[in-house]
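Chemist: Here is a sequence together with a model predicted from it:
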Amino acid sequence: MPIKASTDKLVREVHRFGDPPISPTLMEEDEICILKTNREEQQTLSDKFKSKKSKVTVKSSGHKFQWEIMKSFGSSDIEISKFQDPYHWLMYFPPMAVEDLNAFGFGCD
C-alpha cells in the first residue's frame with residue numbers, strides 16, 4: 001500500500017476510533033458473530049465440495065485496521081500516532097531497510 005494511502009487510512013481510523021483506538025476489533029467481532037449465525041441458518045446440505053478459504057483470505061494477515069498492522073510490527077501507540085504524517089514514513093523505514101540489507105551482507109549507503 002502506498003505511503004499516502006496508509007497515512008490516510010490511519011488518519012481515518014484515529015478520527016473514527018480515537019488515538020489510541022478504543023478497541024475497534026470488538027465492534028467488528030459483534031458484527032461477525034451475527035453474520036456467522038445468519039450464514040449457519042441459511043446453509044443447506046449438499047454433496048458438492050466448496051472451499052471456505054479463498055486465495056485472498058489465505059494470504060491476508062487477518063488485520064483489518066492500519067493501527068493493528070502497525071502494532072504487529074512491534075510499534076508502540078506513540079510511534080503509530082506519528083505515522084499520520086507521511087514524511088515520518090520516509091524517516092522511519094529507510095534506515096530499517098538499510099539494516100536489513102546489511103544483515104543479508106549487501107553493502108549499501
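Modeler: Arrived safely, thanks for sending.
Chemist: secondary structure element for residue 12?
Modeler: According to DSSP states H and E, residue 12 maps onto helix 3-17.
Chemist: which strands and helices sit next to that helix?
Modeler: Helix 3-17 makes packing contacts with helix 24-42, helix 66-72, helix 86-103 when contacts are defined by 3 or more Cβ pairs under 8 Å, 6 or more residues apart in numbering; DSSP states H and E. No exception for glycine: its C-beta is placed from N, CA and C like everyone else's.
Chemist: Identify all contacting residues around it.
Modeler: When contacts are taken as Cβ atoms under 8 Å, 6 or more residues apart in numbering, the neighbours of helix 3-17 outside the stretch itself are 1, 21, 24, 65-67, 70, 80-81, 83-86, 89-90.
Chemist: Identify the residue with the minimum pLDDT among those.
Modeler: The member of the contacts of helix 3-17 with the lowest pLDDT is residue 24, at 56.
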